[in-house]
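Asks: let me see the structure of the following:
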Amino acid sequence: MLGAIEAGGTKFVCAVGNEDGQMLERIQIPTEIPEKTIPMVIEFFKNYKVRALGIGSFGPLDLNEKSDTYGYITSTPKPGWGNFPFVETMKKALNVPVAFDTDVNAAVWGEFLFGAGKGFNCLYITVGTGIGAGAVIGGKRLHGLSHPEMGHIFLRRHPKDKFEGFCPYHKDCLEGLASGPSIKKRWGIKGEDLLEDHPAWELEIHYLAQALLQYILILSPEKIIMGGGVMKQSHLFPSIHSEVKRLSKGFLTLPPSEIYIVAPGLGDDSGILGALMLAKEINVGNLTN
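Replies: Below is the predicted model:
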């Protein structure tokens with residue numbers, strides 16, 4: 001049996017399952033301070049004999065295995081979680097190998113293996129409490145100096161937008177202008193409560209399309225999967241695709257919107273299934289060493 005954690009900004013999803021991606025049990029726990037959340041996470045897994053644990057977490061993270069702070073959540077603004085030794089804490093509690101990656105890399109891995117990105121070079125972007133993206137290129141999750149932080153790129157402002165931005169580090173980066181909290185801060189109401197013709201969506205399409213065009217030009221994904229709470233607004237998908245096409249000014253030939261920029265094939269399970277498959281990777285690695 002394998003264990004998986006999808007550690008998000010508002011909730012932790014914990015699950016146990018098998019190597020085929022079948023989840024046998026799962027729970028949700030609110031993301032509070034570590035002293036409240038982590039004991040409940042550990043208590044859940046203590047009920048099962050897991051052989052390995054996969055974690056997909058909000059970040060930024062230290063993923064350099066040679067680093068003294070490997071396995072840490074690092075410079076997050078989330079209260080209590082800065083410099084939290086996530087991997088070490090779970091290893092000590094459960095005495096199992098732990099695989100660690102970003103929540104969006106876990107999500108894109110789940111979609112690549114089982115969902116809308118199956119068999120494709122694909123990009124997964126979540127637009128919700130924050131904005132982040134992960135990519136699978138050549139069958140491998142994208143890493144480098146660290147991990148991608150595609151939610152913090154800078155964009156051309158919409159002429160009508162005077163909002164200073166909501167990112168605590170950069171103010172008006174993509175996350176600061178188009179995340180769920182930025183929508184609420186700018187308009188005084190959550191995105192889920194806005195009508196389809198609200199002017200908020202013109203700005204959202206403007207910023208998300210710019211970002212996607214940059215990702216397409218750099219990574220050339222064959223499939224783009226957009227998840228997160230904001231993207232529950234299904235009317236955004238064709239409009240974003242149209243705006244990407246307009247911004248490219250004929251430079252790119254894009255596939256039709258209904259097969260190129262799509263919702264997650266796994267619904268809300270992309271991240272937790274991807275984390276389960278991270279556990280499978282490290283379990284297999286330990287068995288063969």
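Asks: tell me how this protein divides into domains.
Replies: Following the assignment in automatic domain parsing, the chain carries domains at 2-102+268-288, 116-263.
Asks: with mean pLDDT, mean neighbour count and distance to Gly110 added, can I get these in CSV?
Replies: Just so you know, the C-beta spots here come from the backbone N, C-alpha and C atoms, and that holds for glycine as well. Output for the domains of the chain, formatted as CSV (pLDDT from 0 to 100; neighbours: other C-beta atoms under 10 Å; distance: least, C-beta to C-beta, whole Å):
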stretch, mean pLDDT, mean neighbour count, distance to Gly110
domain 2-102+268-288, 94, 19, 3
domain 116-263, 94, 18, 8
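Asks: format the ones you listed as JSON lines; extra columns: distance to Val108.
Replies: Formatted as JSON lines, the domains of the chain follow (distance: least, C-beta to C-beta, whole Å):
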{"stretch": "domain 2-102+268-288", "distance to Val108": "7"}
{"stretch": "domain 116-263", "distance to Val108": "4"}
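Asks: check contacts around the residue nearest to the spatial centre of the chain.
Replies: By C-alpha atoms, centre = their mean, the chain has its centre lying nearest to Val104, at 2.5 Å. For Val104, the contact set (C-beta atoms under 8 Å, 6 or more residues apart in numbering) comprises 56, 124-126, 132-134, 148, 271.
Asks: between which two of the residues you listed is the distance greatest?
Replies: Pro148 and Gly271 (15.4 Å; C-beta to C-beta).
Asks: follow-up on the earlier one: check which helix or strand covers the residue nearest to the centre of the chain.
Replies: helix 103-114 (DSSP states H and E).
Asks: and the helix or strand that that helix is followed by, how far out from the chain's middle?
Replies: Under the assignment DSSP H and E, the closest C-terminal helix or strand after helix 103-114 is strand 122-127. The chain centre lies 7 Å from the centre of strand 122-127; the measure is C-alpha atoms, centre = their mean, to the nearest Å.
Asks: who does strand 122-127 pair up with?
Replies: strand 131-137 (antiparallel), strand 223-227 (parallel) (DSSP bridges).
Asks: I would like the residues contacting it, please.
Replies: Contacts of strand 122-127 (C-beta under 8 Å, 6+ apart): 103-104, 107-108, 111-112, 116-117, 131-136, 150, 178-180, 208, 211-212, 215, 219, 221-231, 264, 270.
Asks: that strand versus helix 103-114: what angle between them?
Replies: If you take axes from the mean of the first three to the mean of the last three C-alpha atoms, to 10 degrees, strand 122-127 sits at 140 degrees to helix 103-114.
Asks: what about dumping the CA coordinates of strand 122-127 to CSV?
Replies: Extracted in CSV, the C-alpha atoms of strand 122-127 (Å, rounded to 0.1, in the frame of the first residue of the first chain):
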residue,chain,number,x,y,z
CYS,A,122,1.8,18.6,-21.3
LEU,A,123,1.4,21.6,-19.0
TYR,A,124,-0.8,21.8,-15.9
ILE,A,125,-1.6,25.2,-14.5
THR,A,126,-3.7,25.7,-11.4
VAL,A,127,-5.5,29.1,-11.0
